[in-house]
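K.L.:
Compute the structure for the input listed below.
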Amino acid sequence: MLDFDVQWVLVALPVAFALGWLASRFDLRQDKREARDAPRAYFKGLNLLLNEQQDKAIDAFIEAVQNDPDTAELHFALGNLFRRRGEFERAIRVHEHLLRRGDLKPAERDRAQYALAQDFMKAGLFDRAETAYLALEGTTFASEARLALLSLYERSRDWPRAVDMARKLEQAGIGSFASRLAHYECERAQEADAQGRPEEAEAALERARQSAPNAARPLLLTGQRQRSAGDPAAAVATWDVLRARHPLSFLLVADAYAQAALDAGRGAAASQALHDLLQTLPATELLQALQKLDDVDGTDTVPMLTSHLQRHPTLAAAQLLLAHPPERWGESGTAALRQAVARAARPLQRYRCAACGFEAQHYFWHCPGCLTWDSYPTQHLDAL
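P.N.:
The predicted structure is shown next:
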């Protein structure tokens, strides 16, 4: 009996080995065939994508995913294609399918979560996008998610949460958000003032000044609040600091500065300050403010306007001179007005292609931009 069993074992072992070898060869050929088919479809899709044939590329990627449904990279490529084409629902389904897979590696799961959050953001599903981005806290995509959340909070004007997120980003070493923090606090101050909560507005402005001591907007808003509170002298003092530190931002309140100076009895000092600034910053806003100040004390502003218009022939300055009677312009003023009008009209003396918007000084029957025939109206831009 023992000899019989041993003989069967000796016969069965080679047979089992042969069957196993044949099965492995069959599986290997099958794997090779599937592996060959999947890359072929993938590279076909990539080639179509490079040739800007996105519809055919999507079909090729879908074929590749069907041949190898476990390949995450193909799903990512397909989902990104759907998002680029604006087919957000399909992109969402692809990335949600990835997340439901139990065999997905942690790194690929985080990547799929980030892609899904981008899908929601592009689709305008901001609540779901926020939830998806928050789920990335503690992952390698945490910084990108926080930046996206900051943009989302800005868009929704959720300033308290924007402040918290900006501070988290700073603490993580992403960069300095001092200027943004100052803007967020200024927005909160304006909202508080609009809702009749001046104490909260002042506290927000103080936080803005602490976040960015040299920022222009807190100074600008502080002066506006001081003027609204009936303290024009304090407003002038605050805006003097703004004028010294941020001349360009001062232009936003130049007219209000002139009126506050008049109300505070500081018209002469304000006029001198604005004249000094006009020498280095030839801006129409300063001319308007100076005209308001000079009209009170009876100073003739026409020579100042004419001189400015000769050096800077702009329509805004010309409009200020036109507010005075023509007999006061003089020959130099009239010539400066002509120069300003000619300069303003020059960019409008052009032809524009109706098909692509290409502009040219000469008329074209055949557009050099888009090669369309008869696409140029025969009138200049200023006549259309």
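
K.L.:
For the closest residue to Arg217 other than its chain neighbours, give its distance to His246.
P.N.:
Leaving aside its chain neighbours, Arg217 sits nearest to Cys186 (4.9 Å; criterion: CB to CB, 6 or more residues apart in numbering). All C-beta spots, glycine's among them, are computed from the backbone N, C-alpha and C. As defined by CB to CB, to the nearest Å, Cys186 lies at a distance of 14 Å from His246.

K.L.:
Look at these two and report which has more neighbours.
P.N.:
Per other CB atoms under 10 Å, whichever of Cys186 and His246 has more neighbours is Cys186, with 25 against 17.

K.L.:
What's the per-residue pLDDT of the more buried one here?
P.N.:
Cys186 carries a pLDDT score of 96 in this model.

K.L.:
Who are the contact partners of it?
P.N.:
Counting by CB atoms under 8 Å, 6 or more residues apart in numbering, Cys186 touches Ala204, Leu205, Ala208, Arg217, Pro218, Leu221.

K.L.:
now, which of those residues sits nearest Lys122?
P.N.:
When these are compared for distance to Lys122 (CB to CB), Arg217 wins out at 31.1 Å.

K.L.:
Isn't that closest one up against Arg209?
P.N.:
No: the criterion here is CB atoms under 8 Å, and Arg217 misses it with Arg209 at 10.0 Å.

K.L.:
okay, and the common contacts of these two?
P.N.:
By CB under 8 Å, 6+ apart, the residues touching both Arg217 and Arg209 are Ala182.

K.L.:
Compare the two (neighbour count), which wins?
P.N.:
A count of neighbours by other CB under 10 Å puts Arg217 above the other of Arg217 and Arg209, at 21 against 17.

K.L.:
so the more buried one sits in a helix?
P.N.:
Yes: secondary structure of Arg217 (DSSP: H, G, I helix; E, B strand; the rest coil): part of a helix.

K.L.:
any idea how far Tyr351 is from it?
P.N.:
42 Å.

K.L.:
Present the contacts of Cys186 as a markdown table; the columns should include distance to Arg197 and pLDDT.
P.N.:
Shown next, in a markdown table, are these (distance: CB to CB, whole Å; pLDDT from 0 to 100):
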| residue | distance to Arg197 | pLDDT |
| --- | --- | --- |
| Ala204 | 10 | 96 |
| Leu205 | 12 | 96 |
| Ala208 | 16 | 96 |
| Arg217 | 19 | 95 |
| Pro218 | 18 | 96 |
| Leu221 | 15 | 96 |
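
K.L.:
Closest to Ala166 out of the residues you listed?
P.N.:
Ala208 (12.5 Å).

K.L.:
Chain neighbours aside, what residue packs nearest to the closest one?
P.N.:
Glu185 (3.7 Å).

K.L.:
State the distance from that neighbour to Ala142.
P.N.:
From Glu185 to Ala142 the distance is 25 Å (CB to CB).

K.L.:
Looking only at neighbour counts, state which of these two leads.
P.N.:
A side-by-side neighbour count of Glu185 and Ala142, using other CB under 10 Å, places Glu185 first with 27 against 16.

K.L.:
ok, that one touching Ala166?
P.N.:
No: using CB under 8 Å, Glu185 is not in contact with Ala166; the gap is 10.5 Å.

K.L.:
what about the residue nearest to Ala208, which helix or strand?
P.N.:
Using DSSP states H and E, the element containing Glu185 is helix 178-194.

K.L.:
Tell me which helix or strand comes right after that helix.
P.N.:
Helix 178-194 is succeeded, C-terminally, by helix 198-211 (DSSP H and E).

K.L.:
so what does that following helix touch, helix or strand wise?
P.N.:
Applying 3 or more CB pairs under 8 Å, 6 or more residues apart in numbering; DSSP states H and E, we find helix 198-211 packed against helix 178-194, helix 216-228.

K.L.:
any chance of these in CSV, plus distance to Leu337?
P.N.:
As requested, the helices and strands packed on helix 198-211 are arranged in CSV below (distance: least, CB to CB, whole Å):
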stretch, distance to Leu337
helix 178-194, 40
helix 216-228, 33
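
K.L.:
Any regions of this protein where pLDDT drops low?
P.N.:
1-72, 295-299 (pLDDT under 70).

K.L.:
May I have the phi/psi pair for the spatially most central residue of it?
P.N.:
Note on the chain: the residue nearest the mean C-alpha position is Ser151, at 8.7 Å, using CA atoms, centre = their mean. Main-chain torsions, Ser151, degrees, to the nearest 10: phi -60, psi -40.

K.L.:
gap between stretch 177-192 and the chain center?
P.N.:
Stretch 177-192 has its C-alpha centroid displaced from the chain centroid by 18 Å (CA atoms, centre = their mean, to the nearest Å).

K.L.:
tell me which residues in it are buried?
P.N.:
For stretch 177-192, the neighbour count (16 or more other CB atoms under 10 Å) marks 177-178, 180-190, 192 as buried.

K.L.:
same check, this time on stretch 352-360
P.N.:
For stretch 352-360, using 16+ other CB under 10 Å, the buried residues are Arg352, Cys353, Phe358.

K.L.:
Cheers, nothing more for now.
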